[in-house]
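1. fold the following for me, if possible:
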Amino acid sequence: MIKLYSWPQSSGTRIAWALEELGLPYEYVALDAKKGEHRSAEYLKLNPHGKVPALVDDGEHLFESGAILLHLGARYGVEKNLWPPAKSQARADALSWTVWAMAEFGPYLLQYLYHGLDTPVSFKPADRSKAAADYSRSQLDRLLAALDARLEGREYVLGAFSLADVAAASWLAFGTAFGVSLEHYPRVAAWLKRCIERPAFKRAR
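-> This is a model prediction of the structure:
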């Protein structure tokens, strides 16, 4: 049995989404942050950084949502048509876009939320940096333009829906909920709508 350690409205939600898409049975272990359960000695054996998510799968344990997505894709996704087979350009694309979502897209989106918008997750006004906001928005625009170009002639990042879409759309669903605009990126907006209308996304939420 797969165990997912997480809490609501966290990066663990994208893993729940992936598991729902894959149709895998799993146990959702909700950690109580207020009680410090993510800092317990037992949990730190699974995620030494004391964050969510963590995943236990057949005795193997992983942390970092990007690493977990790659694991799920390689182990279960090919059979479920949610991850391309090895030794193909499609697999190379899936790896590249998934890591891109975690290494570039998500971090710049978060920095823009922290410094550039007035949201529940933003820094206090006195702690915000206009320079950081402007730079993060410029980088986010660069990344959205690249994604928009990728989606020309495609409904999803790889053509058909895959876990690579989960990686990127989970960030953008979070960002747009707090006011990130997609006005200049119509293909991205349409793609995100298709992604978040999927039943598995709704179950994961």
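
2. helices along this protein, start to end?
-> Ranges of helices in the chain, per DSSP state H, are 12-22, 41-44, 65-72, 89-100, 106-116, 130-150, 163-177, 186-196, 199-204.

3. possible to save these as JSON lines with mean neighbour count, mean pLDDT and distance to residue 51?
-> (C-beta placed from N, C-alpha, C; glycine too.) Compiled in JSON lines, those are given as follows (neighbours: other C-beta atoms under 10 Å; pLDDT from 0 to 100; distance: least, C-beta to C-beta, whole Å):
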{"stretch": "helix 12-22", "mean neighbour count": "24", "mean pLDDT": "98", "distance to residue 51": "9"}
{"stretch": "helix 41-44", "mean neighbour count": "11", "mean pLDDT": "97", "distance to residue 51": "10"}
{"stretch": "helix 65-72", "mean neighbour count": "22", "mean pLDDT": "98", "distance to residue 51": "10"}
{"stretch": "helix 89-100", "mean neighbour count": "17", "mean pLDDT": "98", "distance to residue 51": "19"}
{"stretch": "helix 106-116", "mean neighbour count": "20", "mean pLDDT": "98", "distance to residue 51": "14"}
{"stretch": "helix 130-150", "mean neighbour count": "16", "mean pLDDT": "98", "distance to residue 51": "22"}
{"stretch": "helix 163-177", "mean neighbour count": "23", "mean pLDDT": "98", "distance to residue 51": "16"}
{"stretch": "helix 186-196", "mean neighbour count": "17", "mean pLDDT": "98", "distance to residue 51": "24"}
{"stretch": "helix 199-204", "mean neighbour count": "15", "mean pLDDT": "97", "distance to residue 51": "18"}
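
4. please produce JSON lines containing the ones you listed, extended by distance to residue 55.
-> Shown next, in JSON lines, are the helices of the chain (distance: least, C-beta to C-beta, whole Å):
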{"stretch": "helix 12-22", "distance to residue 55": "6"}
{"stretch": "helix 41-44", "distance to residue 55": "13"}
{"stretch": "helix 65-72", "distance to residue 55": "5"}
{"stretch": "helix 89-100", "distance to residue 55": "15"}
{"stretch": "helix 106-116", "distance to residue 55": "18"}
{"stretch": "helix 130-150", "distance to residue 55": "26"}
{"stretch": "helix 163-177", "distance to residue 55": "14"}
{"stretch": "helix 186-196", "distance to residue 55": "21"}
{"stretch": "helix 199-204", "distance to residue 55": "14"}
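
5. domain-wise, how is the protein divided?
-> Domain assignment for the chain by automatic domain parsing gives 2-77, 89-204.

6. roughly how far apart are the residue of the chain most remote from its centre and residue 106?
-> The C-alpha centroid of the chain is most remote from residue 126, which lies 29.2 Å away (C-alpha atoms, centre = their mean). Going from residue 126 to residue 106 by C-beta to C-beta, to the nearest Å gives 26 Å.
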